[in-house]
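Engineer: what would the 3D arrangement of this be:
(chains A, B, C and D)
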Number of protein chains: 2
Amino acid sequence: MTKAPAKIPKSDKTRQAILEAAQRLFYERGYDGASVRQIAKEVPIDPAMIMRYFGSKEGLFSAAVLIDLKLPNPEDIPQDKAGERLVRHFLMLWEGERSTLGLPILLRSAVSNQDASDKIRAIFEKQVAPTIAGITSLDDADTRAGLIVSQLFGLALCRYILRLPPVVDMTEEEVVARIGPIIQHHIGSSV
Amino acid sequence: MTKAPAKIPKSDKTRQAILEAAQRLFYERGYDGASVRQIAKEVPIDPAMIMRYFGSKEGLFSAAVLIDLKLPNPEDIPQDKAGERLVRHFLMLWEGERSTLGLPILLRSAVSNQDASDKIRAIFEKQVAPTIAGITSLDDADTRAGLIVSQLFGLALCRYILRLPPVVDMTEEEVVARIGPIIQHHIGSSV
DNA sequence: GTCTATAATTCGATAGAC
DNA sequence: GTCTATCGAATTATAGAC
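Structural biologist: Numbering: from 1, shown residues only, chains lettered A, B, ... in the order given. Reported below is the predicted structural model:
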C-alpha cells in the first residue's frame, strides 16, 4: 500500500503559481529569453524559491513543459478526414488552454536551446510519427510525418511567431481549407 | 564628379573580417545567442573595435544581414515549373555561399528578437510577395505567398534547426519532388 | 587605428538568517 | 518555508591612453 503521491504534498499553491507564470513567460520569450527573476517577479515570489522548488532553471523548464500532444487515436480518424482533423488539432494546441502550451513553448525555445530541440525530436518520434503511421497505409510513413510536421510548424512560425500579415489574417476555417488538403495529400489520398 | 564610394575606403580588411565572423556566428546562434565578444575573439580583434566600426551590436547585425534573396525575375519562370524553381532557390539560400546567408540568420534570430522579425516581414512584403504576384495569375496572391512561405520556412525549421531525422535525411532531389508540387499547387496550377 | 580598463546591468545559483 | 544578501560570470557599451 503506497501511502500517496510520494513527495509532492508540500505547499502546492505557490508551486502551481510558479509553473503558470513560467509557462506564460517561456511561451512568450522562449527558454533563453525568460529569466528566473522575471518569472519570480510575476508570481510574485522570491527568485530563490524557484531554485528551491525546481533545483535549477532547467528543472523549472522541464516541469513547465507538458509534452502530451493529446493526439487523437488513429482508429478514431476517418482516413479521408485526417488532414482536416490534424490541422484543427494543431490550431487548438496553439490557441487553446494553458495545459496544451507545451509545444509552442518548445518551438520558441528550440531555436536557441539544445535541450528544447532534443525534446521536440523525442516528441516527434514517440507521438507524431506513430500517429501518422497509424493513419496512412503507405510505406514511408516517417518521411510523410516529417513533411506534415514541416507544414504545420511552418504555419505556426509564420502565424504566431513571425506574424506575417497574410498568414495572421486567415481565419481558422481558411487555414483548415488551405492546409488541410496538403496534410491529406501527404497522408496518401488524392489532393 | 563624385570622388569615390563616399566614406568606406578606410581599413576595409578588418571590417570585412568582422562581417564574415559575425555572419557565421549569427547564422549558428542567432542574434541573442552570439555576443560581440565571441565574434571579436574569432576574428581575432578587440571587441571595442566592433563598436567603433558598427556603433552597436544592432549596427553590426544590420550590416551582416544582407537581405537580397536574389529571387529570379517572374518573367523568367515558366509558370508550370515555378514550384520546382522556388524550392531549388530556397535550398540554395540555406546551403549556399555566405553572401546568401541573410535569411537563415534572420530566421534564427527572429524567434527571440523583435527587429529580426520586423525585417523578415519587410522582406516578405518587398521581395517575396511581389515575386509570387508576378508568377500567379490568380487573385489572392498575398495569401498564396504567405502559404508558400509557411511551407518553405517550415521545411527550413525542421531540416536545419530542429533537425528532425526524416526531414534531414531527404536528398535535395527528394525535397524538390515532395515540396515542389505543393508550392506549385499554391501558385495555382494543378497538383 | 588599436588597445586597456572599466562602468552599468543582468544572469543563474548559493549561503544562511529567521 | 520564505527571505536578504551576495557571489561569479557574462553581457553591451564607453572613456581614454598610446
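
Engineer: and A:Gln16, how far from DNA strand D?
Structural biologist: A:Gln16 sits 12 Å away from DNA strand D, going by Cβ to the nearest atom of the strand, to the nearest Å. Heads up, the C-betas are built off the backbone N, CA and C, glycines and all.

Engineer: centroid-nearest residue for chain A?
Structural biologist: A:Leu103 (1.3 Å; Cα atoms, centre = their mean).

Engineer: for it, give its distance to A:Glu173.
Structural biologist: Separation of A:Leu103 from A:Glu173 (Cβ to Cβ, to the nearest Å): 22 Å.

Engineer: and the longest helix anywhere in chain A, anywhere near DNA strand C?
Structural biologist: In chain A, taking DSSP state H as the definition, the longest helix is helix A:12-33. No - Helix A:12-33 is not in contact with DNA strand C by Cβ under 7 Å from any atom of the strand; minimum separation 7.9 Å.

Engineer: figure out how far the helix or strand just after that helix is from the centre of its chain.
Structural biologist: Counting by DSSP states H and E, the next helix or strand C-terminal to helix A:12-33 is helix A:36-42. Taking the mean of its C-alpha atoms, helix A:36-42 sits 22 Å from the chain's own mean (Cα atoms, centre = their mean, to the nearest Å).

Engineer: send me helix A:36-42 as PDB with only the CA atoms.
Structural biologist: Taking C-alpha atoms only, helix A:36-42 is exported to PDB below (Å, rounded to 0.1, in the frame of the first residue of the first chain):
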ATOM      1  CA  VAL A  36      14.100  33.100 -13.400                       C
ATOM      2  CA  ARG A  37      14.000  36.500 -11.900                       C
ATOM      3  CA  GLN A  38      11.300  37.700 -14.300                       C
ATOM      4  CA  ILE A  39       9.200  34.700 -13.600                       C
ATOM      5  CA  ALA A  40       9.600  35.200  -9.900                       C
ATOM      6  CA  LYS A  41       8.500  38.800 -10.200                       C
ATOM      7  CA  GLU A  42       5.300  37.800 -11.900                       C
END
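
Engineer: so who does the nearest residue to A:Ala64 once chain neighbours are set aside touch?
Structural biologist: Nearest non-adjacent residue to A:Ala64, counting by Cβ to Cβ, 6 or more residues apart in numbering or on different chains: A:Ala22, 4.3 Å away. Contact analysis of A:Ala22 by Cβ atoms under 8 Å, 6 or more residues apart in numbering or on different chains lists A:Ala34, A:Ile39, A:Leu60, A:Phe61, A:Ala63, A:Ala64.

Engineer: between those residues, which has the most around it?
Structural biologist: In terms of neighbour count, A:Ala34 stands highest of those at 27 neighbours, by other Cβ atoms under 10 Å in any protein chain shown.

Engineer: in terms of pLDDT, where does the nearest residue to A:Ala133 once chain neighbours are set aside sit?
Structural biologist: By the measure of Cβ to Cβ, 6+ apart, the closest residue to A:Ala133 outside its immediate chain neighbours is A:Ala141, 3.9 Å from it. At A:Ala141, the pLDDT value in this model is 94.

Engineer: now swap in A:Glu173 and tell me
Structural biologist: Predicted confidence (pLDDT) for A:Glu173: 97.

Engineer: how far does the helix or strand encompassing it sit from the chain's center?
Structural biologist: Per DSSP H and E: A:Glu173 is located in helix A:172-187. Distance, stretch centre to chain centre, for helix A:172-187: 19 Å (Cα atoms, centre = their mean).

Engineer: what helices or strands is that helix leaning on?
Structural biologist: Applying 3 or more Cβ pairs under 8 Å, 6 or more residues apart in numbering or on different chains; DSSP states H and E, we find helix A:172-187 packed against helix A:82-95, helix A:141-156, helix B:141-156, helix B:172-187.

Engineer: mind putting those in JSON lines, mean neighbour count and distance to A:Lys126 included?
Structural biologist: Shown next, in JSON lines, are those (neighbours: other Cβ atoms under 10 Å in any protein chain shown; distance: least, Cβ to Cβ, whole Å):
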{"stretch": "helix A:82-95", "mean neighbour count": "19", "distance to A:Lys126": "16"}
{"stretch": "helix A:141-156", "mean neighbour count": "25", "distance to A:Lys126": "12"}
{"stretch": "helix B:141-156", "mean neighbour count": "25", "distance to A:Lys126": "21"}
{"stretch": "helix B:172-187", "mean neighbour count": "19", "distance to A:Lys126": "24"}
